[in-house]
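> starting from these lines, generate the structure:
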Amino acid sequence: MYARIVCVRTTLDIDAQLMDDAIRLSGERTKAAAVEAALREYVRLRRKELLLGLPGKVRLEENWEELREAELGE
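Below is the predicted model:
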């Protein structure tokens, strides 16, 4: 099975200082990579907020990868 990756070229007007901060804080080397990292983080956080807003109780662990490794004995 092969995944098809589709890229979208977009022109954005972004504050220069905000872009510089995003590049510096993300550790990315390019503007495109910094914007993509920021979008991925935004989507991750929004999905988490949506899950927490569902009826019932959901306990999300931020360290789920560590817990999984501990369970598997890795």
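> how close does the residue minimising distance to the centre of the chain sit to residue 25?
Nearest to the geometric centre of the chain sits residue 41, at 2.5 Å (CA atoms, centre = their mean). According to CB to CB, to the nearest Å, residue 41 and residue 25 sit 11 Å apart. C-beta coordinates here come from the backbone N, C-alpha and C atoms, glycine included.
> then residue 15?
To residue 25, residue 15 is 14 Å away according to CB to CB.
> please apply the same query to residue 70.
Taken as CB to CB, the span from residue 70 to residue 25 is 30 Å.
> swap in residue 53?
From residue 53 to residue 25 the distance is 27 Å (CB to CB).
> so for the two, which residue has more residues nearby?
residue 25 (11 against 8; other CB atoms under 10 Å).
> so what's that one up against?
For residue 25, the contact set (CB atoms under 8 Å, 6 or more residues apart in numbering) is empty.
> same check, this time on the one 10 residues further on
Neighbour list for residue 35: 12, 14, 22 [criterion: CB under 8 Å, 6+ apart].
> if we go to 10 Å?
With contacts taken as CB atoms under 10 Å, 6 or more residues apart in numbering, residue 35 has the following neighbours: 10, 12, 14, 19, 22, 23, 26, 28.
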